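J.: Sharing a model prediction with you, sequence too.
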Amino acid sequence: MRRHFIVIAVTAPIVGTCAVAAAPTPSASSAKPSAARSGAAVSGRRSILIVGDSLSAEYGLRRGTGWVALLEKRLAIEAPGVVVVNASISGDTTSGGRSRLGALLVLHKPTHVVVELGGNDALRGLPLQMTELNLTAMVQAARKAGARVLLVGMQMPPNYGTQYAAQFAEAFVKVARSNQTALVPFLLKGVADGADPTKLFQSDRIHPREEAHPIMLDNVWPELRKLLK
């Protein structure tokens with residue numbers, strides 16, 4: 001059997017399968033959409049609001065090389081006119097995302113919402129039930145605002161405990177199933193579970209390198225494309 005590796009913290013040793021979201025200190029500046037995109041969701045125009053953590057906020061990357069920026073470039077070719085608002089904050093949790101989603105929905109009036117949160121909850125030892133409740137509240141709030149929702153899941157390595165890792169991954173499935181919303185089970189599939197995933201991570205051994213982000217986009221795109229159609 002092939003063995004997979006990933007590092008889960010700056011000081012942590014290499015451990016077995018899967019990966020986690022990054023957890024640096026939240027940055028207010030990283031949450032601020034560019035002036036060109038802010039308020040861009042005008043009547044009749046499709047727009048995608050991304051609410052995520054550092055995996056979506058280009059932490060440690062050159063601007064324009066993260067999966068969200070790559071998504072914008074793909075949309076320009078495959079779905080011209082779709083606006084992307086990246087409201088991701090490095091280090092954010094589901095509680096943080098839930099607390100600011102309402103204002104984002106009012107400001108941007110998105111037709112689609114992508115929720116990529118949860119990994120930092122696990123890193124900080126937050127109750128799994130709370131993560132589920134927060135994700136459910138975000139999905140329901142976005143749908144109530146008239147948006148179609150894509151939930152992007154994360155997985156934890158087995159050193160967190162096999163049972164916990166399984167429950168954490170299942171939490172995203174449960175929220176998506178109970179709310180009948182689209183799901184990407186694992187954002188880092190093909191990045192954190194490969195033969196040598198360390199080569200796809202930055203020196204902090206938490207954040208994916210630039211070359212990993214096209215893979216991340218390819219994980220998200222099939223489900224997002226269905227919603228856009």
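T.: Alright, I've got the coordinates. Numbers count the residues shown, from 1 in each chain.
J.: CA only for contacts and neighbour counts going forward, please
T.: Noted.
J.: roughly how far apart are R45 and A147?
T.: According to C-alpha to C-alpha, to the nearest Å, R45 and A147 sit 12 Å apart.
J.: Neighbour count: these two, which is higher?
T.: Of the pair R45 and A147, A147 is the one with more neighbours under other C-alpha atoms under 10 Å, namely 22 against 13.
J.: My understanding was that that one contacts V114; is that so?
T.: No - applying C-alpha atoms under 8 Å, one finds A147 not in contact with V114, separated by 9.8 Å.
J.: need the strands for the chain, in chain order.
T.: In the chain, the strands defined using DSSP state E lie at 6-7, 14-15, 47-52, 83-86, 112-116, 148-152, 182-184.
J.: So for M138, which of those sits nearest?
T.: In terms of C-alpha to C-alpha, the element of the strands of the chain nearest to M138 is strand 112-116, at 7.9 Å.
J.: shaky segments in this structure?
T.: 1-43 (pLDDT under 70).
J.: which residue is nearest the centroid of it?
T.: When C-alpha atoms, centre = their mean is applied to the chain, the residue found nearest the centroid is E116 (2.5 Å).
J.: Who does it form a beta bridge with?
T.: G52 (DSSP bridges).
J.: ok, it - contacts?
T.: I50, V51, G52, D53, S56, L151, V152, G153 (C-alpha atoms under 8 Å, 6 or more residues apart in numbering).
J.: Most neighbours among the residues you listed, which one is it?
T.: D53 leads these on contacts (other C-alpha under 10 Å) with 32 neighbours.
J.: Would you confirm that that residue contacts I89?
T.: Yes - counting by C-alpha under 8 Å, D53 does reach I89; the two are 4.9 Å apart.
J.: Count the residues that sit near R62.
T.: 9.
J.: Contact partners for it?
T.: E210.
J.: Torsion angles phi and psi at it?
T.: phi -70, psi 140 (degrees, to the nearest 10).
J.: Quick check: the gap between it and E210.
T.: 8 Å.
J.: swap in Q155?
T.: For Q155, the distance to E210 - C-alpha to C-alpha - is 20 Å.
J.: Could you check which of those two is surrounded by more residues?
T.: Ranked by neighbour count (other C-alpha under 10 Å), Q155 and E210 place Q155 first, with 27 against 19.
J.: So that one sits against F186, correct?
T.: Yes - shown here, Q155 and F186 form a contact pair, counting by C-alpha under 8 Å, at 6.4 Å.
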